[in-house]
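# coords below, sequence missing:
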């Protein structure tokens, strides 16, 4: 079967959890013998022989879409998307793509429609309707990995709804809630099949959007840990982490993700500081909205000479971003992963940690409970004292850490590539059979 996958999140400079999801979806399909097309929203308009150059230029350095027209001309430009948009095939073979292969090498063919997603969202805000995308030879199924107001003509359309956090925790996201609800409800109504990644999310989709359970397929997820990371000798990985970051093997707690209200970093930091431990907490995360409130206990960057700054700088190490191979090495050497998120649709960091034999502290809410099973220290994410108790146990009890590492590997194996591939086959069969 030929399957299309959108590049909405894969085109972002530092990627997202959704980008990882899209990449692993494509790799799993190709491993199963399917052909996979990547459908992007980069501006490749112009002569055919220039498209590959334009594609990779913008993939490396995105050019934001700015609507320069105003008044009636702006309205006409937005509404023109209602006539439909066309995806152009991107030839390959003239550009050395090795630096960006992690974002495109999993695709057999590349397509792009200039500013597809920005134009589609603008059109949906103005009209409540989806943009219809045309392709010269569409795949059998188009799998949209995120709620986007686009349908591909001449094929079956599948939408992944990872979670409904903006409706479950409206205070924890920036989405305009009326617009968000309208979009996910429209995706659910138009989909030939709805994909989600946990039983928690499936139940939310039914409860909050009124979708019949038989229209939803929970595929779960798989982690994008390269075999080279899994197979690297432990001593080699530990030496690399010490040389790069100055950290001892199993000598630090780790959090990675985003800094935003849903991730609960503020309570994690408060709980950690209450321990008085010498084990540092490493935070690998870019700052998002309301990050100042989450990091209020940390010293300000403009106050480097205060005693408090020097004291906390030794205990909490902040890194904005790491390439994935370095992040996975850092995770492998952690004493424990800390992930007390308020709500998740899956909780990929938890699965990645368990695959690598790293003990986990996580929240007893949302889908994380499904992913972690009995192989993690689960805590109430709203209870700072409970988080602190969990951290102390992981910090001081080697036997607990060893037990969780062993159980974690067994639990992680439940979310195998084989299971995922079989679930995708069920999903696409459901879509093909849709009336």
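Sure thing, it's come through. Remember, predicted model here, so these are calculated numbers, not experimental data. Numbering: from 1, shown residues only.

# Got the domain ranges for the chain?
Structural domains assigned to the chain are 2-222+417-432, 227-412, following automatic domain parsing.

# what's the least confident stretch among these?
Lowest mean pLDDT of the domains of the chain: domain 227-412, a mean of 89.

# Determine the number of other residues adjacent to residue 234.
When neighbours are counted by other CB atoms under 10 Å, residue 234 registers 11. Where you see a C-beta, it was placed from the backbone N, CA and C, and this is true even at glycine.

# ditto for residue 364
For residue 364, the neighbour count with other CB under 10 Å is 15.

# is it true that it touches residue 379?
Yes: Residue 364 lies in contact with residue 379 (CB atoms under 8 Å); the separation is 6.3 Å.

# show me where the stretch 101-250 of the chain has strands.
Using DSSP state E, counting those that start in this stretch, the strands of the stretch 101-250 of the chain run over 109-112, 131-134, 141-144, 150-152, 156-160, 193-196, 216-218.

# again with the stretch 251-400 of the chain
Going by DSSP E, counting those that start in this stretch, the stretch 251-400 of the chain shows strands at 253-259, 281-287, 316-319, 336-339, 360-363, 377-379.

# Can you list the strands that the shortest one pairs with?
The strands that strand 377-379 pairs with in its sheet are strand 360-363 (parallel) (by DSSP bridges).

# ok, now the third one?
Strand 316-319 pairs in its sheet with strand 281-287 (parallel), by DSSP bridges.

# With distance to residue 352 and mean neighbour count added, can I get the strands of the stretch 101-250 of the chain in JSON lines?
Converted to JSON lines, those look like this (distance: least, CB to CB, whole Å; neighbours: other CB atoms under 10 Å):
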{"stretch": "strand 109-112", "distance to residue 352": "28", "mean neighbour count": "24"}
{"stretch": "strand 131-134", "distance to residue 352": "33", "mean neighbour count": "20"}
{"stretch": "strand 141-144", "distance to residue 352": "23", "mean neighbour count": "26"}
{"stretch": "strand 150-152", "distance to residue 352": "30", "mean neighbour count": "24"}
{"stretch": "strand 156-160", "distance to residue 352": "19", "mean neighbour count": "24"}
{"stretch": "strand 193-196", "distance to residue 352": "20", "mean neighbour count": "25"}
{"stretch": "strand 216-218", "distance to residue 352": "19", "mean neighbour count": "21"}
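
# Dump the ones you listed into JSON lines; add distance to residue 76 as well.
Formatted as JSON lines, these follow (distance: least, CB to CB, whole Å):
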{"stretch": "strand 109-112", "distance to residue 76": "24"}
{"stretch": "strand 131-134", "distance to residue 76": "15"}
{"stretch": "strand 141-144", "distance to residue 76": "27"}
{"stretch": "strand 150-152", "distance to residue 76": "20"}
{"stretch": "strand 156-160", "distance to residue 76": "27"}
{"stretch": "strand 193-196", "distance to residue 76": "34"}
{"stretch": "strand 216-218", "distance to residue 76": "38"}
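
# Quick one, which of those strands gets closest to residue 26.
Among the strands of the stretch 101-250 of the chain, the nearest to residue 26 by CB to CB is strand 141-144 (9.2 Å).

# which stretch among the strands of the stretch 101-250 of the chain comes nearest residue 357?
strand 216-218 (26.2 Å).

# For that closest one, name the packing helices and strands.
Using 3 or more CB pairs under 8 Å, 6 or more residues apart in numbering; DSSP states H and E as the contact test, the elements touching strand 216-218 are strand 193-196, helix 199-209, helix 417-432.

# residues touching the nearest residue to residue 386 once chain neighbours are set aside, list them.
Distances taken as CB to CB, 6 or more residues apart in numbering put residue 379 closest to residue 386, at 4.5 Å, once the chain neighbours are dropped. When contacts are counted by CB atoms under 8 Å, 6 or more residues apart in numbering, residue 379 touches 340, 361, 362, 363, 364, 386, 387, 389, 390.

# What is the nearest of the residues you listed to residue 375?
Distances from the contacts of residue 379 to residue 375 were compared by CB to CB; the smallest belongs to residue 362, at 9.8 Å.

# I'd say the closest one and residue 374 touch.
No: applying CB under 8 Å as the test, residue 362 and residue 374 come out as separate, 11.9 Å apart.

# Pipe the strands of the stretch 251-400 of the chain into TSV and attach distance to residue 199 per row.
Formatted as TSV, the strands of the stretch 251-400 of the chain follow (distance: least, CB to CB, whole Å):
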stretch	distance to residue 199
strand 253-259	22
strand 281-287	28
strand 316-319	34
strand 336-339	19
strand 360-363	16
strand 377-379	17
